[in-house]
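**Q** Let me see the structure of the following:
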Amino acid sequence: MKNISFLLILITSVMSIKAQNTVGETEVFATTAQAVGNITFTDTGDLVYSHHPFFSPENRVMIMDAKTKESKPFPNKAWNTPRTTDDNYLSNVLGIRNDENGIVWMLDMAQRNNVTPKIVGWNTIKNTLERIYYLPESSVPAISQPNDMVVDTKNGYFIIADEGIGNGGDGSKAAFIIVDMKTGKTRRVLESTRSTLPENTPTVINGKHLAVNGKDLLVGNDGITADANFEYIYYGPLNGPKIYRIRTLDLVNENFTDSDLDSKIETYSDKPNNGGMSIDKEGNLYLTALETNSVTVVLAKDRSVKTVVQDKNMVWPDGVSYNHVDGFMYVSAAQVNKGAPFNDGKDQSTKPFYIFRFKPLVEGVSFR
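**A** Predicted coordinates for the structure are as follows:
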């Protein structure tokens, strides 16, 4: 009996410690042979995900049957096959979002092929191309790396976070790219300003700095999401200790200068160095914490930062998205820090790559 009692006390203690350190539990949903970047969902809850472009995958975007876990190229193999006859294919994609109309929007950075950056919308209900929005050089210069976006169907805009690290960029020209859904007009705003620039908070994982040729990689405007009513845009640089927010209608207002916009930005909360960002219906923000193999939450009630879930195999958690069908948040583990550029030219990533899922504190926001 003493041994049993001691065992019960030990188990209770371990559970108590876990409860203090995290506020949720995670599970492995699936594993893949290639790194997963961002994840979104069809009307029926199947996963549509980007293969992380950092690893130059053959297939840029995939769809996984939620029941069988079988995957195939999305929307089909032709769209994942570069060619010289036209540019109706995906070059390299990280940002990917769904909307309430069953359309999956894919943000093509176009850095692997000589094509124009674009947003490709595929109607998963009709299984047809919905529309392509091209992103001209005036909005997406050479140093751009359009990483993630909000699909604001209420106000009619794509709002893209540009990290500013493309083609040798050092993050110093990070910005927003605004795309009018009706006209296709694009604008570049808040470039090189206080809330889009990276700060000198290097990414350090297991004591090792994320660096290229001995220089810390500092990434600008990165994680982005909007609340349930598209009232506010929440965002921040990957390397930086703060989340910012601005009213959506202010950010997209063509009459405001960058100086006008800067005066309307609120410093919202603290944060770790993070990649992806999501939100639930009570305004709690979910961030992928790159340095601690975890997802953290910024609680709406007091803006404090807590760890939601953590797993040793959650190496470089990237995208985090809510599945409206099963009620889970999904998060990828891309192992970007193990890639060749950060390890003396040797790819140290290991198979399999993981897709995790967990229950958010309350119901998540589906379409962002």
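**Q** what's residue 289 in contact with, if anything?
**A** 272-274, 295-296, 307, 317 (C-beta atoms under 8 Å, 6 or more residues apart in numbering). The way it works is simple: take the backbone N, C-alpha and C, and place the C-beta from them, glycine included.
**Q** Quick check: bridge partners of it?
**A** residue 274, residue 294 (DSSP bridges).
**Q** Give me the distance between it and residue 197.
**A** For residue 289, the distance to residue 197 equals 20 Å [C-beta to C-beta, to the nearest Å].
**Q** Please pick the buried ones from the contacts of residue 289.
**A** Using 16 or more other C-beta atoms under 10 Å as the burial test, the contacts of residue 289 include 272-274, 295-296, 307, 317 as buried.
**Q** and the two most separated of those residues?
**A** Farthest-apart pair in those is 273 and 307; separation 14.3 Å (C-beta to C-beta).
**Q** Check which residues of stretch 325-342 are buried.
**A** Those would be 328-339, 342, for stretch 325-342 by 16+ other C-beta under 10 Å.
**Q** brain fart, stretch 351-365
**A** 353-361, 364-365.
**Q** And for stretch 177-184?
**A** 177-181.
**Q** coming back round to it: quick check: strands, which of the buried residues of stretch 325-342 are part of them?
**A** When DSSP state E defines the strands, the subset of the buried residues of stretch 325-342 inside them is 329-333.
**Q** What is the nearest of those to residue 171?
**A** residue 332 (22.5 Å).
**Q** surely that closest one meets residue 314?
**A** No. In this structure, residue 332 is not within contact of residue 314 by C-beta atoms under 8 Å, at 9.0 Å.
**Q** Could you name every residue contacting both of these two?
**A** 354, 356.
**Q** show me what contacts the nearest residue to residue 46 once chain neighbours are set aside?
**A** What sits nearest to residue 46 in space, not counting adjacent residues and going by C-beta to C-beta, 6 or more residues apart in numbering, is residue 66, at 5.0 Å. Residues near residue 66 by C-beta under 8 Å, 6+ apart: 44-47, 325-326.
**Q** Now flag whichever of those is closest to residue 242.
**A** residue 47 (31.2 Å).
**Q** Can you give me every residue that contacts the nearest residue to the closest one once chain neighbours are set aside?
**A** Once flanking residues are discounted, residue 47 sits nearest to residue 64: 4.2 Å by C-beta to C-beta, 6+ apart. Residue 64 sits next to 30, 46-49, 70-71 when contact means C-beta under 8 Å, 6+ apart.
**Q** now residue 266
**A** 244-246.
**Q** per-residue confidence for it?
**A** We have a pLDDT of 98 for residue 266.
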